[in-house]
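K.L.:
build me a model from this:
(one chain, ligands or ions: 2)
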Amino acid sequence: MTAAALRLPSARTARGELILPGSKSISNRVLLLAALAQGATRLEGLLDSADTRVMLAALRQLGVSIDSVGPTQVEIRGEAPFAVRQAALFLGNAGTAFRPLTAVLALMGGDYQLSGVPRMHERPIGDLVDALTALGADIQYLGEQGYPPLAIHAGAIKGGGAIRVKGSVSSQFLTALLVAAPLLAGVAHKAVAIEVEGELISKPYIAITLNLMARFGVAVQREGWKRFTIPAGAFYRSPGTLAIEGDASSASYFMALGAIGGGPVRIQGVGSQSIQGDMAFADTLEEMGAVVTCHATAIEVSGVQVARGERLRAFDSDFNLIPDAAMTAAALALYADGPCTLRNIGSWRVKETDRIHAMHIELAKLGARVESGPDWIRVHPVAKDQWRAASIATYDDHRMAMCFSLAAFSPVPVTILDPECVGKTFPDYFAVFRRLVQS
Ligand SMILES: O=C(O)C1=C[C@@H](OP(=O)(O)O)[C@@H](O)[C@H](O)C1
Ligand SMILES: C=C(OP(=O)(O)O)C(=O)O
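P.N.:
Numbers count the residues shown, from 1 in each chain. Ligands and ions are numbered 1, 2, ... in the order given. Predicted structure coming up:
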């Protein structure tokens, strides 16, 4: 079998301990915040993956001084505006790099081109570009209207009035404006208000943004999830050293392992002190019958043994707050005692792939009956004699590969195609997975 396919081990139990890689959402935010901040920042526990590598490479290209102390430790000397006023940046498929850099560079007054992989050019950015254009930014679409790649030129940025942004397609647009706002508030010596028009999805990611901005000296005033005010004269200053916690979305796969493989699986790097919304996946697991113990910076999960015919409890829930960990719940539905429904997950359609479509097709390959609609999916569990051996396509989506690793507990052989797509956020995923499962 080639490296383009990985036959999953036939697993009956899962137990052991692992240390999580750093959070993608926190790593890419603090890289950018440190690059904009006065003073030197040492980041510890940085995620080393494709998404953070494109951010690091972009910042270096922009003239930011970054010393690698090790693969997960860097020292950054910030400076705003960036020294390099003209650059063509390649940002892969990293939403957490593309969206915030668009906002920051649009306010900095240089000439920049931002592009990514073909899928990134199918992921919408129009709501962010509209908000920036209304502010006076000069942004052109180089391909299809509303999508990357983008050309950014020096605009005539106006102060005054609230910035309005839609939050129904991605919360990353609001995050981008929040992160960039001090560039306005600092220069204009006026408070900057950002108002969300209509619905805001994925709210816990905004909480991460606000938490980290505060660590860099900018306290944003929040009125519900509708209006955010950045005080006049706000500017980022280095917090000195900042330790990045483990990735809670990555933790979801190992929490799931404990839930279906008996456990205990002990996950180091996130716990009750975490600032990541995906920790709420623990509540879904408890609802499904797993036992979750949360420590300050670790979490332990035990559960049923699906290989002995035991089942998890079915659920019908709204997953808007945890769209990434929700994929893990969809995979766990294979082992439930009834149909499981995931609602309010329309954003799945515009992520690394159309995840509702991809999940529907691939879960069905294993023998599950699946129904789906514009923003929901229902997965019927697979009965003992209904499992079908399958090669699972991963659609260049790291989470497809990681959540389908849970099919190792099925009674049939399962192969994951193109498993190296996990490199977006977790290059060592399958090595860690193998250490935790026993046949
Ligand atoms: O801000 C972030 O770090 C993220 C926000 C979420 O995206 P949406 O807001 O587009 O749902 C999430 O899916 C993504 O993996 C990371
Ligand atoms: C949606 C995701 O990534 P991005 O940060 O590129 O939006 C994800 O990691 O599931």
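K.L.:
burial check on residue 153, number of neighbours?
P.N.:
Neighbourhood size, residue 153 [other CB atoms under 10 Å]: 13. C-betas here are computed from N, CA, C, even on glycine.
K.L.:
ok, the closest residue to it other than its chain neighbours to residue 56 distance?
P.N.:
Nearest residue to residue 153 in three dimensions, chain neighbours excluded: residue 138, at 4.2 Å (CB to CB, 6 or more residues apart in numbering). Applying CB to CB, to the nearest Å, the value for residue 138 to residue 56 is 27 Å.
K.L.:
more neighbours: the two, which one.
P.N.:
Higher neighbour count among residue 138 and residue 56: residue 56, with 22 against 16, using other CB under 10 Å.
K.L.:
what helices or strands is the one helix or strand the more buried one maps to leaning on?
P.N.:
Taking DSSP states H and E as the definition, one finds residue 56 inside helix 50-61. Identification of packing neighbours for helix 50-61 by 3 or more CB pairs under 8 Å, 6 or more residues apart in numbering; DSSP states H and E yields helix 24-36, strand 65-70, strand 86-90, helix 95-108.
K.L.:
turn those into JSON lines, columns for mean pLDDT and mean neighbour count.
P.N.:
Output for the helices and strands packed on helix 50-61, formatted as JSON lines (pLDDT from 0 to 100; neighbours: other CB atoms under 10 Å):
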{"stretch": "helix 24-36", "mean pLDDT": "98", "mean neighbour count": "27"}
{"stretch": "strand 65-70", "mean pLDDT": "95", "mean neighbour count": "12"}
{"stretch": "strand 86-90", "mean pLDDT": "98", "mean neighbour count": "16"}
{"stretch": "helix 95-108", "mean pLDDT": "98", "mean neighbour count": "27"}
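K.L.:
format these as CSV; extra columns: distance to residue 46.
P.N.:
Below are the helices and strands packed on helix 50-61 laid out as CSV (distance: least, CB to CB, whole Å):
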stretch, distance to residue 46
helix 24-36, 5
strand 65-70, 9
strand 86-90, 19
helix 95-108, 13
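K.L.:
my guess is residue 321 contacts residue 203. True?
P.N.:
Yes. Under the criterion of CB atoms under 8 Å, residue 321 lies in contact with residue 203, with a separation of 6.1 Å.
K.L.:
need the overlap of contacts for those two.
P.N.:
residue 277 (CB atoms under 8 Å, 6 or more residues apart in numbering).
K.L.:
mean confidence for stretch 372-387?
P.N.:
Over the span of stretch 372-387, the pLDDT mean works out to 97.
K.L.:
contacts only, for whatever residue of the stretch 251-400 of the chain ends up closest to ligand 1.
P.N.:
The shortest separation between the stretch 251-400 of the chain and ligand 1 is 4.2 Å, found at residue 347 (distances taken as CB to the nearest ligand atom). Contacts for residue 347 were tallied using CB under 8 Å, 6+ apart; they are 169-170, 201-202, 320, 323.
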